[in-house]
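Visitor: I'll drop the sequence and a predicted model, then ask my questions.
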Amino acid sequence: DNDGILDADEILNGHLSYEFYDSVPAGNTVDNIPTTAPDYSGNVSDFDVTALSNSLTTSADAFSVRYKGSINIATGGDYTFYTNSDDGSKLFINGVEVVDNDGDHAPRERSGTITLSAGVHSIEVLFYENGGGQVLSVSYESTTIPITKTLLPFSMLSSEYDTDGDGIPNQLDLDSDGDGCSDANEYYFNINADGNLNGGDDLEYGSQSTLTVDADGRVVQAAYDGTNYANAIDNTITEACNACSATATGETDTDGDGVIDLCDLDADNDGILNTDEANGTGSAVFDAIPQAFWTFDNTTN
């Protein structure tokens, strides 16, 4: 979204998002799990379907779940994925069906192999429970890396996150917490990081007249060194958009009291208000004998 914050910092690492439906899909197949209006949704850090269902509903023997997010592949090669489930499950990578373990059945394992390049790929796991026991586990291995068969670590996974619930995931949302203060300003703690102080560019980093991106899609002008991302997802913190915050704007603060001179009633902290120290009106009345010329200085009474 060109806000000067890496997508990797705006997603939820170690999690997948889930959509939970309190019913068995039509035809007892994960292909018919709905794609809209889940009964529950959120993020999880494991595939423990029993714990998830128990935390959400009393209908522990009739439900379906869609897990989705991204998987980060460190080294390209051939990867085999497994699902062990009771009842049905499927696994997709980049929208391609890799594992088909669908239908009503006792615990059963199925697998499939796919060639993946290094980088981030989409992943989706579908599951439903239709009475009796319930289990879901996901494993992977690779003979080209090599990686011996092991449970898929959630450290490889990440999910989109929508802090303010506006339907726009954080990595695409220029104001992730919906507090009216842009992510760019809050991440860099600078009131002008998004350029809006000087005309605005719709909350992207810098201004549209100068914004350029490199081959990786990063804003060239951005340092990507902000340390205040927590403020961008906390709608109770808007100090970065406060024109009177010296630390946020980088403006002059003569007396170092945290209030910039523009907003400080006593900018030099000498006990005299700025209004009393301001320049004179440029006119004066004198009671004296006229002379050929006058000399004025700041001691003249």
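Guide: Thanks, I have it.

Visitor: after the top helix by length along the chain, next one along is what?
Guide: Ranked by residue count under DSSP state H, the longest helix found in the chain is helix 49-56. Stepping forward along the backbone from helix 49-56, the first helix or strand reached (DSSP states H and E) is strand 62-73.

Visitor: mind listing the helices for the stretch 151-300 of the chain?
Guide: Across the stretch 151-300 of the chain, reading from the start of the chain, the helices by DSSP state H, counting those that start in this stretch fall at 183-188, 229-232, 246-249, 274-277.

Visitor: Skip ahead from the helix or strand that contains residue 126 and say which helix or strand is next.
Guide: Counting by DSSP H and E, the element that carries residue 126 is strand 119-130. Of the helices and strands lying after strand 119-130 in sequence (DSSP H and E), the nearest is strand 135-142.

Visitor: can you list the residues that contact that following strand?
Guide: Outside strand 135-142, the residues within contact range by C-beta atoms under 8 Å, 6 or more residues apart in numbering are 47, 49-50, 77-86, 89, 91, 107, 125, 127, 147-152. Every C-beta, even on glycine, is put in place using the N, C-alpha and C of the backbone.

Visitor: Show me what the mean pLDDT comes to for that strand.
Guide: For strand 135-142, mean pLDDT rounds to 98.

Visitor: Likewise for stretch 147-164?
Guide: Averaging the model's pLDDT scores along stretch 147-164 yields 92.

Visitor: Okay, angle between the strand holding residue 126 and helix 49-56 too, please.
Guide: Inter-element angle recorded for strand 119-130 and helix 49-56: 70 degrees (by axes from the mean of the first three to the mean of the last three C-alpha atoms, to 10 degrees).

Visitor: where exactly do the strands run in the protein?
Guide: Applying DSSP state E to the chain gives strands spanning 12-13, 16-21, 40-44, 62-73, 77-86, 89-93, 96-101, 108-116, 119-130, 135-142, 147-151, 157-159.

Visitor: Compare these and report which one is nearest to residue 27.
Guide: The stretch from the strands of the chain with the least distance to residue 27 (C-beta to C-beta) is strand 119-130; that distance is 10.5 Å.

Visitor: re the thing from before, which elements pack onto the strand holding residue 126?
Guide: The elements that strand 119-130 packs onto, with contact taken as 3 or more C-beta pairs under 8 Å, 6 or more residues apart in numbering; DSSP states H and E, are helix 49-56, strand 62-73, strand 77-86, strand 89-93, strand 135-142.

Visitor: Give the closest residue to residue 106 in space, chain neighbours not counted.
Guide: residue 86 (5.6 Å; C-beta to C-beta, 6 or more residues apart in numbering).

Visitor: what's near enough to touch the one you found?
Guide: Applying C-beta under 8 Å, 6+ apart, the residues near residue 86 are 105-108, 129, 132-135.

Visitor: So what sits opposite it in the bridge?
Guide: Per DSSP bridges, residues listed as beta-bridge partners of residue 86: residue 135.

Visitor: Where does pLDDT dip in this protein?
Guide: By pLDDT under 70, the low-scoring segments of the chain are 58-59, 196-202, 207-210, 245-251, 258, 262, 278-301.

Visitor: Try it again at 80.
Guide: Within the chain, the segments meeting pLDDT under 80 span 8, 57-60, 161, 195-202, 206-211, 239, 242-253, 256-267, 272-301.

Visitor: Tell me how far the residue nearest to residue 43 when sequence neighbours are not counted lies from residue 133.
Guide: Nearest in space to residue 43, with sequence neighbours left out and distances taken as C-beta to C-beta, 6+ apart, is residue 15 at 4.3 Å. When distances are taken as C-beta to C-beta, to the nearest Å, residue 15 and residue 133 turn out to be 26 Å apart.

Visitor: related to what we said a few turns ago, may I see the buried residues of the longest helix of the chain?
Guide: For helix 49-56, a neighbour-count test (16 or more other C-beta atoms under 10 Å) marks 49, 52-53, 56 as buried.

Visitor: Thought residue 88 was touching residue 101, still the case?
Guide: Yes. Look at residue 101 against residue 88 with C-beta atoms under 8 Å: they come within range, at 6.6 Å.

Visitor: Give me the more crowded residue out of the two.
Guide: Counted by other C-beta atoms under 10 Å, residue 101 and residue 88 do not tie: residue 88 has more neighbours, with 27 against 24.

Visitor: ok, the more buried one - contacts?
Guide: With the criterion set at C-beta under 8 Å, 6+ apart, residue 88 makes contact with 28-30, 101-105, 126-128, 130.

Visitor: Tell me how many other residues crowd the closest residue to it other than its chain neighbours.
Guide: Among residues not flanking residue 88 along the chain, residue 102 sits closest, at 4.2 Å (C-beta to C-beta, 6+ apart). The number of residues packed around residue 102, counting by other C-beta under 10 Å, is 23.
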